[in-house]
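Asks: model the structure of this input:
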Amino acid sequence: MKLGLAPPPPQRDLRLDLFRGLANWAMFLGHVPGTVLVWCSFRNYGFSDGADLFVFISGYTSALVYTRKMERGFVFGASRLLRRVWQIYTAHILLFMIYLAFIHFLSERFNAPDLVDLFNAAPVTSAPIEMMTQGLLLRYKPLNLDVLPLYVVLMGLFPPILWLMLRFPDAVMIGSVLLYLAARRFHWNLPSYPSENWYFNPLAWQLLFVTGAWLALTGAGRLHFLLRSRLVLVVAIAYLIFAALMTLAAHQPQLRALFAPALFELFNPNDKTNLAPYRYLHLMVLIILGARFIPIDAPGLRATIWRPLVKCGQQSLEVFCVGILLAFIGYFILQLAGNGILAQLLVGAAGIAIMTAVAYYRSWSKRVEKSSHESPVDGKKAPESTGALEHLVLRGAGSAAQVARGMDAQQPP
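Replies: Numbering: from 1, shown residues only. Purely as a prediction, here's the structure:
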């Protein structure tokens with residue numbers, strides 16, 4: 001069966017890296033509670049925030065990366081995807097353990113028991129074995145550790161979704177919408193520990209992930225007319241202004257006079273758990289405007305000023321994990337040493353600098369690892385599974401080949 005695939009982009013889409021890096025920075029700043037840093041993120045200026053953008057871009061890039069692998073067969077494509085799922089899962093468990101260890105140690109060392117309650121870490125002392133079990137099952141999540149479990153579930157379910165989407169893209173998209181509507185209508189969600197449900201309902205948030213994949217494979221080309229429509233531009237800008245005022249009104253009582261009470265209550269509180277329709281629409285509007293005003297070949301994307309953001313987007317998993325940990329450490333430092341505005345800004349700047357340094361380090365280390373897989377025989381790459389013994393064999397083969405060529409050169413014709 002011939003698959004109706006969208007042609008691969010002629011060059012790497014730096015917009016994806018740029019905005020994924022921006023999402024990571026925004027989530028870090030938004031996760032330092034009670035500071036001015038939350039006003040440096042964009043969650044207070046519209047219905048959607050960095051988490052929405054992160055999930056959407058993850059779906060888009062996953063479709064681009066794993067489509068060609070899925071062409072080689074479902075088993076091969078699924079194995080590549082599940083390998084990535086395992087990487088995300090192990091990253092989450094490692095972050096989970098370090099995060100809880102920091103909370104427990106600092107609360108004991110500095111006599112700050114409020115940290116345990118604030119960051120939902122009470123099961124560490126009350127039921128440690130049960131906490132570990134539920135953590136491994138992704139049911140127990142301390143404060144701010146909700147995104148990666150969602151990512152694990154969405155990527156874990158993606159192999160059959162991608163396989164079907166390559167054959168019936170519109171049917172899969174319609175199915176995703178129907179599941180989203182049913183989850184909201186019938187309150188479907190996954191159970192959490194010790195009570196309630198997942199903060200990010202996977203049955204609702206899958207809509208963003210699948211939308212990203214659908215646009216990457218077929219939807220973007222068919223909806224390109226939206227980028228050229230002046231009417232869409234006007235409506236999109238009006239909606240963003242409305243969303244900004246409505247969101248700010250939740251924090252600034254004087255702005256509530258702009259809206260009727262019934263209208264204000266439709267949008268506040270913002271339903272993040274079940275991905276309110278206005279959140280989804282807000283992100284789609286941002287994507288339309290971003291694609292309209294920032295084309296894939298925009299020369300400014302390669303400007304030096306954007307390189308840290310691009311690099312953080314390219315190493316998003318590592319940067320995200322470090323950002324979550326830094327947000328907690330930053331909050332603790334501010335509570336311990338003073339919570340002035342200058343101190344808050346310094347914590348934010350230091351956190352972003354560390355995240356950027358981690359991104360550059362991981363980029364460099366990956367280049368080193370890749371170059372170490374270069375075979376000394378004819379400059380060919382060694383297989384991904386090549387270990388230390390295999391490298392020694394290849395080096396020996398390369399040396400033997402060089403000696404043989406030298407002996408041949410010394411023999412008379």
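Asks: quick check, central residue of this structure?
Replies: In the chain, the C-alpha closest to the average C-alpha coordinate belongs to Phe54, at a distance of 4.0 Å (Cα atoms, centre = their mean).
Asks: what about Arg307, neighbour count?
Replies: Look at Arg307: counted by other Cβ atoms under 10 Å, it has 18 neighbours. C-beta: built from backbone N, CA, C; applies to glycine.
Asks: from Ser371, how far out is it?
Replies: To Ser371, Arg307 is 22 Å away according to Cβ to Cβ, to the nearest Å.
Asks: now Leu178
Replies: On the measure of Cβ to Cβ, Leu178 and Ser371 end up 48 Å apart.
Asks: and for Pro113?
Replies: Pro113 is 50 Å from Ser371, by Cβ to Cβ.
Asks: give me the more crowded residue out of those two.
Replies: Comparing Pro113 with Ser371 by neighbour count (other Cβ under 10 Å), the higher total belongs to Pro113, at 12 against 9.
Asks: model confidence for the closest residue to the more buried one other than its chain neighbours, exactly?
Replies: If the residues on either side of it in the chain are set aside, Pro113 comes closest to Ser107, at 5.7 Å by Cβ to Cβ, 6 or more residues apart in numbering. On the pLDDT scale, Ser107 is placed at 92.
Asks: next SSE after the helix or strand where Ser107 lies?
Replies: Using DSSP states H and E, Ser107 sits in helix 74-109. Using DSSP H and E, the helix or strand that follows helix 74-109 in sequence is helix 114-118.
Asks: show me which residues of that following helix are buried.
Replies: Leu115, Val116, Leu118 (16 or more other Cβ atoms under 10 Å).
Asks: in terms of helices and strands, where is the closest residue to Ile103 other than its chain neighbours?
Replies: The shortest distance from Ile103 to any residue other than its chain neighbours is 4.5 Å, reached at Ala121 (Cβ to Cβ, 6+ apart). For Ala121, there is no helix or strand it lies in under DSSP H and E.
Asks: Thr273: neighbour count?
Replies: If you count neighbours by other Cβ under 10 Å, Thr273 ends up with 16.
Asks: Ser176: neighbour count?
Replies: 20.
Asks: hang on, it is in a strand, isn't it?
Replies: No: in this structure, Ser176 is helix, not part of a strand, as judged by DSSP: H, G, I helix; E, B strand; the rest coil.
Asks: from Leu53, how far out is it?
Replies: 18 Å.
Asks: do you know how far Ala121 is from Gly351?
Replies: Ala121 is 21 Å from Gly351, by Cβ to Cβ.
Asks: no no, Met173
Replies: Taken as Cβ to Cβ, the span from Met173 to Gly351 is 37 Å.
Asks: more crowded one of the two?
Replies: Just comparing Met173 and Gly351: by other Cβ under 10 Å the higher neighbour count belongs to Gly351, 23 against 20.
Asks: could you find the closest non-adjacent residue to that one?
Replies: Going by Cβ to Cβ, 6+ apart, Gly351 has Leu326 as its nearest residue, at 4.4 Å.
Asks: so the one you found sits right up against Ala353, yeah?
Replies: No: checked against Cβ atoms under 8 Å, the pair Leu326 and Ala353 is beyond contact range at 10.0 Å.
Asks: if you count surrounding residues, which of those two has more?
Replies: Set Leu326 next to Ala353 and count neighbours by other Cβ under 10 Å: Leu326 wins out with 21 against 11.
Asks: for the more buried one, which residues are in contact?
Replies: Phe28, Gly351, Ile354, Met355 (Cβ atoms under 8 Å, 6 or more residues apart in numbering).
Asks: picking that back up, okay if I get the buried residues of helix 114-118 as TSV plus distance to Leu345?
Replies: TSV is the format used below for those (distance: Cβ to Cβ, whole Å):
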residue	distance to Leu345
Leu115	23
Val116	28
Leu118	22
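Asks: now do stretch 60-71: distance to the chain's middle.
Replies: Centroid separation for stretch 60-71 versus its chain: 16 Å, with Cα atoms, centre = their mean, to the nearest Å.
Asks: contacts for that stretch, please.
Replies: By Cβ under 8 Å, 6+ apart, the list of residues contacting stretch 60-71 from outside reads 3, 5, 8-9, 16, 20, 76-78, 80-81, 155, 158-159, 162-163, 165-166, 209, 212-217.
Asks: using PDB, list the CA coordinates for it.
Replies: C-alpha atoms of stretch 60-71 as PDB (Å, rounded to 0.1, in the frame of the first residue of the first chain):
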ATOM      1  CA  TYR A  60       4.900  17.400  15.200                       C
ATOM      2  CA  THR A  61       8.500  16.400  15.500                       C
ATOM      3  CA  SER A  62       7.700  12.700  16.400                       C
ATOM      4  CA  ALA A  63       5.800  12.400  13.200                       C
ATOM      5  CA  LEU A  64       8.600  13.900  11.200                       C
ATOM      6  CA  VAL A  65      11.300  11.700  12.800                       C
ATOM      7  CA  TYR A  66       9.500   8.400  13.000                       C
ATOM      8  CA  THR A  67       7.600   8.300   9.700                       C
ATOM      9  CA  ARG A  68      10.500   7.100   7.700                       C
ATOM     10  CA  LYS A  69      11.200   4.400  10.300                       C
ATOM     11  CA  MET A  70       7.600   3.300  10.200                       C
ATOM     12  CA  GLU A  71       7.900   2.900   6.400                       C
END
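Asks: check which residues of that stretch are buried.
Replies: Buried-residue list, stretch 60-71, by 16+ other Cβ under 10 Å: Tyr60, Thr61, Ser62, Ala63, Leu64, Tyr66, Thr67, Met70.
Asks: much appreciated, bye for now.
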